[in-house]
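Novice: Just the structure for this:
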Amino acid sequence: MNFIRSLLHMLWMVVTVIPYSLVLVALRPLARRSPAAWHGWFYRIAAQWLYLAALGARWLCGVRWRITGLEHVPAEGPAVLLCKHQSAWETLALPALLPRPLAYVFKRELLRIPCFGWALGSLDMIHINREQRLAAARLVEKEGRRLLDEGVLVTLFPEGTRVARGQRGKYLSSGAQLAVKCGVPVVPIAVTSARCWPPRGFVKQPGVVEVSIGAPIATEGRKATEVMAEVEQWIEGEMQRLDAEAYEAPAPQEKEGA
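Specialist: Numbering: from 1, shown residues only. Predicted structure coming up:
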């Protein structure tokens, strides 16, 4: 039954993304005339489809969500969001659920996906070539600074890729480096999406995705590695609190003859 529900959700996303992507591509020339438009009404059109995708997962697959700490998202001013990455759920849900526009740093291969990639490419976000690390780092700093100046929350997944439930990836410091260089705070986010939506699996399970947003962490006068260590400590500690079952150590096996 979960397979059928997951298939229906995939069909739901395909059917709904087509008209939205065509609208975004058509309206992009108008939106690009000013940052206020690009990050205003144009962004809200895209966020509406993302909300539909999240709602579809809720209606069809029983993937609900609960958010705490929304008050920690700065009401105004620049900030870098650093989020745990367990599945595609958070990439769909965060732009629709957070109160301010955000811009992802993402791999450019996503732009090749029909319709979805066209829509994603129409938004003012940062798409990088991960094989060219130096050029990617320069692009993140240049475009990230511009987006922060325009009031957009630059959002990165510091582990770089989706990580299985109960696991910890290597935390990269690019997001912290951007925040330190721009003198803006970072906001850590813990997400337990793999509880319902596997990192690379197709079948979704009913349940509640917990999203916990931490208090902003100051970066001025600090090293990026120090900031990232604090972010990692908070996120991983919060993950263990929110999804303790996934982090429980397996019981030791008894030895024969003991």
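Novice: Return the backbone torsion pair for the residue nearest to Glu230 when sequence neighbours are not counted.
Specialist: Nearest-residue entry for Glu230: Ile217, 5.8 Å, with adjacent residues in sequence omitted and distances by CB to CB, 6 or more residues apart in numbering. Heads up, the C-betas are built off the backbone N, CA and C, glycines and all. Here is the backbone geometry of Ile217 (degrees, to the nearest 10): phi -110, psi 120.
Novice: hang on, isn't Ile217 packed against Glu226?
Specialist: No. Using CB atoms under 8 Å as the test, Ile217 is too far from Glu226 to be in contact (10.1 Å).
Novice: So in the protein, which helix runs the longest?
Specialist: Ranked by residue count, the top helix of the chain under DSSP state H comes out as helix 2-31.
Novice: who does it touch, helix- and strand-wise?
Specialist: Counting contacts by 3 or more CB pairs under 8 Å, 6 or more residues apart in numbering; DSSP states H and E, helix 2-31 is packed against helix 35-38, helix 41-61, helix 116-122.
Novice: what's near enough to touch Gly166?
Specialist: Neighbouring residues of Gly166 by CB atoms under 8 Å, 6 or more residues apart in numbering: 243, 246-247.
Novice: all helices for the stretch 101-250 of the chain, in order.
Specialist: Using DSSP state H, counting those that start in this stretch, the helices of the stretch 101-250 of the chain run over 116-122, 133-149, 174-182, 224-242, 244-247.
Novice: what distance separates the second one from the centre of its chain?
Specialist: Read that as helix 133-149. Chain-centre distance of helix 133-149: 17 Å, with CA atoms, centre = their mean, to the nearest Å.
Novice: who does that helix touch, helix- and strand-wise?
Specialist: On a contact count with 3+ CB pairs under 8 Å, 6+ apart, helix 133-149 meets strand 102-107, strand 126-128, strand 153-156, helix 174-182.
Novice: Quick check: mean pLDDT of it?
Specialist: Helix 133-149 shows an average pLDDT of 91 in the prediction.
Novice: Arg33: neighbour count?
Specialist: Neighbourhood size, Arg33 [other CB atoms under 10 Å]: 9.
Novice: what about it, distance to Trp41?
Specialist: Distance from Arg33 to Trp41, counting by CB to CB, to the nearest Å: 12 Å.
Novice: which ones are touching Ser87?
Specialist: 162, 193-194, 196-199.
Novice: okay if I get these as TSV plus neighbour count, pLDDT and distance to Arg130?
Specialist: Shown next, in TSV, are the contacts of Ser87 (neighbours: other CB atoms under 10 Å; pLDDT from 0 to 100; distance: CB to CB, whole Å):
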residue	neighbour count	pLDDT	distance to Arg130
Arg162	21	93	14
Ser193	27	97	22
Ala194	24	96	22
Cys196	22	96	27
Trp197	26	95	23
Pro198	18	92	22
Pro199	16	92	17
